[in-house]
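1. test case, fold it:
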Amino acid sequence: MKRIASRDNPLFKSLRKLTQASQARREAGLSVLEGVHLCQAYLQWRGLPRHAVFDARRLEGERASAEVMALRDEIPADRQVWLDGNLIDDLEHVQAGQGVVFVVETPAPPLPERVRDNCVLLDRVQDPGNVGSILRTCAAAGVRHVFLSDETAFAWSPKVLRSGQGAHFSLTIHERVDLQALLARLDVPLVATTLEDAVGLYQAALPRHCAWVFGNEGQGVRAGLQAAAALRVRIPQEPAAESLNVGAAVAVCLFEHRRRFAPD
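-> Numbering: from 1, shown residues only. Reported below is the predicted structural model:
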């Protein structure tokens, strides 16, 4: 176990850089997880972090936290970093942090040669909260593979991770994907969500296995992907209402698909 009491410590400086600079995280191939829930989910689905950073005050004395101590007990001592004083405040992005930060390797799975299962393609979905919510919905709906275009928000950013609430770790997430080129790898039909020339979702003959594509918050799915779709669907709603937020649209579509085909 390493114990740090000064901001001049080289390891602390490197940890602070990782938490504060997205470019540093990308260059190092590392991501930062904050809070008990995300760290527990990582241990459950992926294993040990590179560094488990703890606020020493949450492990000792009156401020000791049973949840944080339970996490500590699952981590080998050589991967633990304890921070004295208020040093943890430099690493946490949220107010009232829980005193635990994991540094983990960012998954970068290779593209599959063929795509045969249900999956989701995100085309230029730029809001981190939307991306995190969508990943959480995918995990809940049983969709395990997600492909993100280059213009989509980075899945492993702190905001997306917080919004995803641990869903990342049960998914295979492919980033910076040329979605148009990916179509050649699909062995399942493409289903696009659009408002034009589309069948109502609840009347559509949805295939049991498919690739859903959802588009940019303002512009929707790009024309080339819409043209390649075997099926175009729209979600019926009140005419006077604005179109649904993309995160809500994903939830409606995936759970309608699950309602029809899931074994339960």
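2. skipping adjacent residues, who's closest to Ser65 in space?
-> Arg58 (4.4 Å; Cβ to Cβ, 6 or more residues apart in numbering). For every residue, glycine as well, the C-beta is placed using N, CA and C.
3. that neighbour: how many residues sit nearby?
-> Residues near Arg58, counting by other Cβ atoms under 10 Å, number 24.
4. quick one: pLDDT of Ala167?
-> At Ala167, the pLDDT value in this model is 95.
5. just Val53 next, same as before
-> 98.
6. which residues touch it?
-> Each residue near Val53 by Cβ atoms under 8 Å, 6 or more residues apart in numbering is listed here: 15, 81, 83, 88, 91, 100-103.
7. next, format those residues as a markdown table and append distance to Arg234.
-> Output for the contacts of Val53, formatted as a markdown table (distance: Cβ to Cβ, whole Å):
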| residue | distance to Arg234 |
| --- | --- |
| Leu15 | 47 |
| Val81 | 51 |
| Leu83 | 51 |
| Ile88 | 48 |
| Leu91 | 44 |
| Val100 | 44 |
| Val101 | 43 |
| Phe102 | 41 |
| Val103 | 43 |
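8. let's have those in CSV, adding secondary structure, pLDDT and distance to Leu71.
-> Formatted as CSV, these follow (DSSP: H, G, I helix; E, B strand; the rest coil; pLDDT from 0 to 100; distance: Cβ to Cβ, whole Å):
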residue, secondary structure, pLDDT, distance to Leu71
Leu15, helix, 96, 17
Val81, strand, 97, 13
Leu83, strand, 97, 15
Ile88, helix, 95, 14
Leu91, coil, 94, 15
Val100, strand, 96, 6
Val101, strand, 96, 11
Phe102, strand, 97, 9
Val103, strand, 97, 14
